[in-house]
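[1] Attaching a predicted model along with its sequence, questions to come.
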Amino acid sequence: MRVLLQRVKSASVTAEGSLTGEIGTGLLLYIGVGVDDGEADLAFIAGKIPHLRIFPDENDKMNLSLQDIGGAMLAVSQFTLMGDCAHGRRPGFSGAMRPEQAKEFYERLVALWRQQGIPVACGVFQGDMLVTSVNWGPVTFMLDSKVR
C-alpha cells in the first residue's frame, strides 16, 4: 500500500460537478493499493499516519501529529501510485490490486481512521476527480507499507 500524504491548510475534491469531500487543516492522502497488500499493510498504514509528527509545535518544529492538532483527512483513491514507469514510455499497472478488492481495502482503511475518531472526507473511488489543496509547507511524504 502506498500513500502520498500532504500537510494542508485546506483541501477538497469534486467529482462530476459535485463537491464530495472537503477539509480544513489536516492531511490530503492519495492512496494506492497493491496486488500483494494484506492485513498487515492495512494495519500499518491505519496506525502510522494519524501519529506521524509532521505538524509544527509552538517552536515551529515538526513535533505534533494529526491527532494532536485535531485535524482531518481527505482520502483519495489513486491507483496510479502503484504504476511502474521503469520500462517503456507507458506506465504499467500490474502491481495495482483489482478495483473490486482495492475498493474494499480503501473503505476499510477509512473506517479504521474513523474508529480512531478522525474526521475523514473522501473522493469517489474510480471517479474522475478534481482535487484542490493548499499544501502547507509544502510538506509531502510517501509512505509505502512494504518499506518498514
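    Sure, I can see it. Numbers count the residues shown, from 1 in each chain.

[2] looking at this protein, which residue lies furthest from center?
    Within the chain, the residue lying farthest from the chain centre (Cα atoms, centre = their mean) is residue 88, at 27.8 Å.

[3] ok, that residue - contacts?
    Counting by Cβ atoms under 8 Å, 6 or more residues apart in numbering, residue 88 touches no other residue. The C-beta positions use only the backbone N, C-alpha and C, and glycine is treated the same way.

[4] So for it, what's the pLDDT?
    pLDDT for residue 88: 92.

[5] Determine the three-state secondary structure at it.
    The local conformation at residue 88, judged by DSSP: H, G, I helix; E, B strand; the rest coil, is coil.

[6] Residue 22: neighbour count?
    Number of residues near residue 22 (other Cβ atoms under 10 Å) recorded here: 14.

[7] Could you tell me how far it is located from residue 8?
    Counting by Cβ to Cβ, to the nearest Å, the separation of residue 22 from residue 8 is 11 Å.

[8] shared neighbours, those two?
    The contact sets of residue 22 and residue 8 overlap at residue 74 (Cβ under 8 Å, 6+ apart).

[9] Any buried residues in the strand ranked longest in the chain, and which?
    Longest strand in the chain, counting residues (DSSP state E): strand 129-144. Going by neighbour count (16 or more other Cβ atoms under 10 Å), the buried part of strand 129-144 is 129, 131, 133, 136, 143, 144.

[10] Tell me which residues touch residue 97, please.
    Listed by Cβ under 8 Å, 6+ apart, the contact partners of residue 97 are 33, 34, 35, 37, 82, 105.
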